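Trainee: build me a model:
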Amino acid sequence: MSVPHFKDEKLSTRRDVVSKTILRIMKRYFVQIFKEMYPKLKLKVNSIEEYLESAKQFLSTLNGEISSNDHIKYFIAQMVSLKLTAKFEVNNQMKGSLKLLDSCLYSYSDKAMNKLFKDSSAKILFNYFFENGQRFFGAEKNVVKNLSEYSCALKGIYVQFNNS
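Mentor: Down below sits the predicted model:
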């Protein structure tokens, strides 16, 4: 599978920027909801266990497959703060999945994006965002400027996640 190319000529040459932007919007979506639910959680005060338990409780409030996947709590905690990741006690496969998402958010590569499409936890996160975060997505500044192009790109990434 290859990383989707988008219709707009300007965006097709910079699909890396578009893909990274969409993943960052997804991250902001989850972080904003999490922080609204748990405004008192602070890195210097709360333990990793408290963050993971809060992430698990947060996920249980969401509908669908995302609410029952225990691995997703690590992704949510990582999105809230990368500093928490170093304290996770997880197997190497999970560490790889977490690193892969981080890699696609901050230092994009087609190879990493193709691997991300095959990651089951990333797929669950993205699918939930695609199905429930459209209003949030459409209100983002970059999206508003190029709505049809970003919408096309969002759909392309959704298709890739669900065809991998």
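Trainee: list the buried ones in stretch 42-56?
Mentor: Burial within stretch 42-56, assessed by neighbour count using 16 or more other Cβ atoms under 10 Å, is assigned to 48, 51, 52, 54, 55, 56. Any C-beta I mention is one placed from the backbone N, CA and C, and that applies to glycine too.
Trainee: which SSE is immediately downstream of the lowest-mean-pLDDT helix or strand in the chain?
Mentor: Taking mean pLDDT, DSSP states H and E as the measure, the helices and strands of the chain show their lowest mean at helix 9-12, namely a mean of 49. Per DSSP states H and E, the first helix or strand lying C-terminal to helix 9-12 is helix 15-37.
Trainee: so the helix or strand just after that next one versus helix 15-37, what angle?
Mentor: Moving toward the C-terminus from helix 15-37, the first helix or strand encountered (DSSP H and E) is helix 48-60. Angular relation of helix 48-60 and helix 15-37 on a 0 to 180 degree scale: 100 degrees, by axes from the mean of the first three to the mean of the last three Cα atoms, to 10 degrees.
Trainee: got the CA coordinates for helix 48-60 in PDB?
Mentor: What follows is helix 48-60 as a C-alpha-only set of coordinates in PDB (Å, rounded to 0.1, in the frame of the first residue of the first chain):
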ATOM      1  CA  ILE A  48       1.700   7.600  35.500                       C
ATOM      2  CA  GLU A  49      -0.800   5.200  37.000                       C
ATOM      3  CA  GLU A  50      -3.300   8.000  37.600                       C
ATOM      4  CA  TYR A  51      -2.900   9.100  34.000                       C
ATOM      5  CA  LEU A  52      -3.400   5.600  32.600                       C
ATOM      6  CA  GLU A  53      -6.400   5.000  34.800                       C
ATOM      7  CA  SER A  54      -7.900   8.400  33.700                       C
ATOM      8  CA  ALA A  55      -7.200   7.500  30.100                       C
ATOM      9  CA  LYS A  56      -9.000   4.100  30.600                       C
ATOM     10  CA  GLN A  57     -12.000   5.900  32.200                       C
ATOM     11  CA  PHE A  58     -12.000   8.400  29.400                       C
ATOM     12  CA  LEU A  59     -12.000   5.700  26.700                       C
ATOM     13  CA  SER A  60     -14.900   3.900  28.500                       C
END
